[in-house]
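>>> starting from these lines, generate the structure:
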Amino acid sequence: MVSASGSAGFRSAVLLVAFAGTLLIALLPAAATDTNEFLPFVYTNAARRTLPYRLLLPMGYDAARAYPIILYLHGAAGRGDDNLKPLEWGPTLFLEGDLRRKHGFFLVVPQCSPSTGWQEVDFNDKLGMKESESLRLAIELVETILPKQFNIDPKRRYLTGVSMGGHAVWGILVRRPGLFAAAVPVCAGGSAKIVTDSAARYPVWAFHSDDDHLMPVQQARDLVKAWREHGGTARYTEYTGLKHSSWKKAYLDAEMFDWLFEQHLP
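This next block holds a predicted model:
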């Protein structure tokens, strides 16, 4: 259940989306109104577990056309329950320039619980980490719930994340190969030992800065190397001087988005 949408019908969804946007403008302080294109929702599953998220719709949405969808996972600084912090770390860059005019897409920006992350330590898991409840809800939202309300192309689901969220991107690709057509981990780390042949069938484009003081650049290099060694396609862009903020350039890279939207699941 998506509490702000009510009906699966497109007309009702659009009306309620517009209403939610109006409420947001009224409730947020003036400095935050530049985020009002990201409509606020709360997903509630059958077990009454909730996940706040923002949804950016394609410009001129046409229900007769199938659109790609991007799931964005924020870093540790975006955790909470205000349904606003995640927008400070990259998503608003998706509004820049001609991107939305050239590529119609949905962007989903969930917010994970303040008490956990996208993954949790689990020594019984083969990766040493398990998906948190917030991450499971986010994937369920993209894979099952939103496609019931909008015309979303199941062969063009994409995944991106920064820092903690980028770490989860690598984990999702290994745990759920074939769910996403391609992924863009940004300023993200992790162990290259988790990479498998199955995961590497799906292309990635990683971004990092050589002076990142929170996520060592060598981890990104090693993950990309392992992806290639397992037969996969892994593009890599390494910046200089951006520290832990490589997302500030990555999400303005028009070539990356052109590449991303060319990727399809079989």
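
>>> which parts of the protein are helices?
10-27, 99-102, 133-140, 146-149, 164-175, 217-229, 247-250, 254-262 (DSSP state H).

>>> in CSV, list those helices along with distance to Pro40.
Every C-beta, even on glycine, is put in place using the N, C-alpha and C of the backbone. Output for those, formatted as CSV (distance: least, CB to CB, whole Å):
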stretch, distance to Pro40
helix 10-27, 5
helix 99-102, 19
helix 133-140, 15
helix 146-149, 15
helix 164-175, 19
helix 217-229, 32
helix 247-250, 22
helix 254-262, 25
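
>>> to Val121, which of these lies closest?
Closest approach to Val121 among the helices of the chain (CB to CB): helix 164-175, 12.1 Å.

>>> with just CA atoms, put the closest one into CSV.
C-alpha atoms of helix 164-175 as CSV (Å, rounded to 0.1, in the frame of the first residue of the first chain):
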residue,chain,number,x,y,z
MET,A,164,26.6,3.7,2.5
GLY,A,165,24.0,3.5,-0.3
GLY,A,166,26.7,2.7,-2.9
HIS,A,167,28.0,0.0,-0.6
ALA,A,168,24.5,-1.5,-0.6
VAL,A,169,24.4,-1.2,-4.5
TRP,A,170,27.2,-3.7,-4.8
GLY,A,171,25.5,-6.0,-2.3
ILE,A,172,22.2,-5.9,-4.1
LEU,A,173,23.8,-6.8,-7.4
VAL,A,174,25.4,-9.9,-5.8
ARG,A,175,22.3,-11.0,-3.8
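
>>> now for that helix, which elements pack on it?
strand 67-73, strand 119-121, strand 129-131, helix 133-140, strand 152-162, strand 182-186 (3 or more CB pairs under 8 Å, 6 or more residues apart in numbering; DSSP states H and E).

>>> quick one: distance of the third one to the chain centre.
Shown here is strand 129-131, whose average C-alpha point lies 17 Å from the average C-alpha point of the whole chain (CA atoms, centre = their mean, to the nearest Å).

>>> that one pairs with which strands?
Note on strand 129-131: by DSSP bridges, its sheet partners are strand 119-121 (antiparallel).

>>> the nearest residue to Phe38 once chain neighbours are set aside: how many residues sit nearby?
Leaving aside its chain neighbours, Phe38 sits nearest to Arg54 (3.8 Å; criterion: CB to CB, 6 or more residues apart in numbering). By the criterion of other CB atoms under 10 Å, Arg54 has 23 neighbours.

>>> what's opposite Arg54 in the beta bridge?
Per DSSP bridges, the residues bridged to Arg54 are Pro40, Val109.

>>> what's the most buried one of the helices and strands packed on helix 164-175?
Using mean count of other CB atoms under 10 Å, the stretch among the helices and strands packed on helix 164-175 with the greatest mean number of neighbours is strand 182-186 (a mean of 28).

>>> so who does Trp89 touch?
His74, Gly75, Ala77, Gly78, Val162, Trp247 (CB atoms under 8 Å, 6 or more residues apart in numbering).

>>> do that again at 6 Å, thanks
Going by CB atoms under 6 Å, 6 or more residues apart in numbering, Trp89 touches His74, Gly75, Gly78, Val162.

>>> what two of those are the furthest from one another?
Gly78 and Val162 (8.5 Å).

>>> give me the below-cutoff pLDDT ranges for the stretch 101-250 of the chain.
Residue ranges of the stretch 101-250 of the chain with pLDDT under 70: 123.

>>> any idea what the residue nearest the centre of the chain is bridged to?
Geometric centre of the chain, nearest residue: Tyr72, 1.5 Å, by CA atoms, centre = their mean. With DSSP bridges as the criterion, Tyr72 is bridged to Thr160.

>>> go ahead and confirm it touches Val162.
No: between Tyr72 and Val162 there is no contact under CB atoms under 6 Å: 8.3 Å.

>>> who's in contact with the residue nearest to the centre of the chain?
So Tyr72 contacts Pro91, Val109, Thr160 (CB under 6 Å, 6+ apart).

>>> coming back round to it: need the winner for burial among the helices of the chain.
Buried most deeply of these, by mean count of other CB under 10 Å, is helix 164-175, with a mean of 26.

>>> so that one versus strand 152-162, what angle?
The directions of helix 164-175 and strand 152-162 differ by 130 degrees, with axes from the mean of the first three to the mean of the last three CA atoms, to 10 degrees as the criterion.
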